[in-house]
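A.B. asks: pasting a predicted model and its sequence here:
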Amino acid sequence: MGIGELARRAGVTVKTVRHYSDAGLLPETDRSAGGHRRYGPDALDRLHRIRDLRAVGMPVPAVAQALEGGSLEHALAAQLDAVGGQLTALRWREAALRALTAAPEERRPELLRLVGGLPQPPTSDALVRFWHRQLPRALPSAVRAAVVDAAVPAPPADPRPAQVVGYARLHALAMDRDGGLAARCRRVRAAAALPGETDPVVLYEGLGEAYALAGAALAAGRRPASGDEVDSFVAAHARAYRRRDGVAFRAGLRAALVAGDDPRMRAYWRYAGEVADGEVPSLGAAHDWLVAGLGAGAPTGAGETAEP
């Protein structure tokens, strides 16, 4: 068949057939004496298949792989993932526009800068990098990954306008291009730490259990108080500092934690809570609950044990 006949029988334009031929999707069998393209008997079925795959948005390289015996199932699954990402980006764009149109006129320039700084669709990459800069290098990869997973909220697939603004603020805070926030947080923690060396691995492993208990208490609506949650929190610090739990240790620990409170990290946890929309208490909320519970009463199991 000539190119005109093939195009007519397939219901496409000659330009379309030429495009697929030039892209390598539709090989020619030969050329006529006048240099016109000629196609074999299987070209019509192949052209129909190309047209059908392109109709569902499959890119040319994926079409080529499917035509050459690649897995059609994998190609379709990849295209479905791509469409999902596009839909997520559109939902974020819609929610951002709603947030901007609902905001007072004087706030719109600031919100526009914040929202404009988000990748589309948003990713948590900047937040993950921020936490890797913050965490002690000595932490095992499994412990580090667990902390990052708990500290970094995932971007919602179908966000509300308030979640878009919260995530934009969180992203801007975590970008911390000059590393100043992460360095400042480390300095504040170091200045507020208890005297003596500490084992960060022991500390973070113990804090995971304490934060989980406090998160459950928060979800149940319990007010901060002494109990298993605070005991677990104190025990993690006592083991890490190689100290004995007691009234004096708890008082010193609470004073250090209060002194180490950082307003920008408090803002981080507030924005993280806005993104989570209250579904899961943040680590920051769990930490605040434990610190408040630490000041609520004497230890439940340690009595008046003296410091060593």
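C.D. replies: That came in fine, so what should we check first? All figures in this text were calculated on a predicted structure; none of them were measured in a lab. Numbers count the residues shown, from 1 in each chain.

A.B. asks: which residues does stretch 199-208 contact?
C.D. replies: 135-136, 138-140, 143, 146-147, 150, 232-233, 235-237, 239-240, 242 (Cβ atoms under 8 Å, 6 or more residues apart in numbering). To be clear about C-beta, it is placed using only N, CA and C from the backbone, and glycine gets the same treatment.

A.B. asks: any of those buried? List them.
C.D. replies: 135, 139, 143, 147, 150, 232, 233, 235, 236, 237, 239, 240 (16 or more other Cβ atoms under 10 Å).

A.B. asks: and which of the residues you listed is nearest to residue 108?
C.D. replies: Residue 108 lies nearest to residue 150 out of the buried ones among the contacts of stretch 199-208, by Cβ to Cβ, at 33.9 Å.

A.B. asks: right, and the closest one touches residue 284 too?
C.D. replies: No - using Cβ atoms under 8 Å, residue 150 is not in contact with residue 284, being 10.5 Å away.

A.B. asks: so, low pLDDT: which residues of the protein?
C.D. replies: 177-196, 297-308 (pLDDT under 70).

A.B. asks: okay, now the domains of it?
C.D. replies: Split into domains by automatic domain parsing, the chain comes to 3-70, 109-294.

A.B. asks: dump the buried ones among the contacts of stretch 199-208 to CSV, plus secondary structure and distance to residue 169.
C.D. replies: Output for the buried ones among the contacts of stretch 199-208, formatted as CSV (DSSP: H, G, I helix; E, B strand; the rest coil; distance: Cβ to Cβ, whole Å):
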residue, secondary structure, distance to residue 169
135, coil, 22
139, coil, 27
143, helix, 28
147, helix, 22
150, helix, 20
232, helix, 32
233, helix, 28
235, helix, 35
236, helix, 30
237, helix, 31
239, helix, 36
240, helix, 32
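
A.B. asks: mind checking which of the domains of the chain is nearest residue 103?
C.D. replies: Of all the domains of the chain, domain 109-294 comes closest under Cβ to Cβ, at 5.4 Å.

A.B. asks: can you give me the end-to-end distance of that closest one?
C.D. replies: One end of domain 109-294 to the other measures 43 Å (Cα to Cα, to the nearest Å).

A.B. asks: stretch 272-289: which residues count as buried?
C.D. replies: Those would be 272-276, 281-289, for stretch 272-289 by 16+ other Cβ under 10 Å.

A.B. asks: other SSEs contacting the lengthiest helix in the chain?
C.D. replies: Ranked by residue count under DSSP state H, the longest helix found in the chain is helix 72-102. Helix 72-102 sits against helix 60-67, helix 108-116, helix 161-175, with contacts defined as 3 or more Cβ pairs under 8 Å, 6 or more residues apart in numbering; DSSP states H and E.

A.B. asks: and that helix with helix 60-67, angle?
C.D. replies: 150 degrees (axes from the mean of the first three to the mean of the last three Cα atoms, to 10 degrees).

A.B. asks: tell me how many other residues crowd residue 252.
C.D. replies: The number of residues packed near residue 252 is 17, by other Cβ atoms under 10 Å.

A.B. asks: with residue 227 instead?
C.D. replies: Other residues close to residue 227 by other Cβ under 10 Å number 17.

A.B. asks: just the one 3 residues further on next, same as before
C.D. replies: Each residue near residue 230 was counted by other Cβ under 10 Å, and the total is 27.

A.B. asks: element containing it?
C.D. replies: helix 228-241 (DSSP states H and E).

A.B. asks: packing partners for that helix?
C.D. replies: So helix 228-241, by 3+ Cβ pairs under 8 Å, 6+ apart, packs with helix 200-219, helix 247-259, helix 283-294.

A.B. asks: and that helix, how far out from the chain's middle?
C.D. replies: With Cα atoms, centre = their mean, to the nearest Å as the basis, helix 228-241 stands 29 Å off its chain's centre.

A.B. asks: so what touches that helix?
C.D. replies: Against helix 228-241 from outside (Cβ under 8 Å, 6+ apart): 194, 196-200, 202-203, 205-207, 209-210, 213-214, 217, 243-245, 249-250, 253, 289-290, 293-294, 296, 299-302.

A.B. asks: hang on, the earlier thing: show me which of the buried ones among the contacts of stretch 199-208 is closest to residue 170.
C.D. replies: Nearest member of the buried ones among the contacts of stretch 199-208 to residue 170, counting by Cβ to Cβ, is residue 150, at 14.7 Å.

A.B. asks: need the nearest residue in space to the closest one, chain neighbours excluded.
C.D. replies: Nearest residue to residue 150, sequence neighbours excluded (Cβ to Cβ, 6 or more residues apart in numbering): residue 283, at 5.5 Å.
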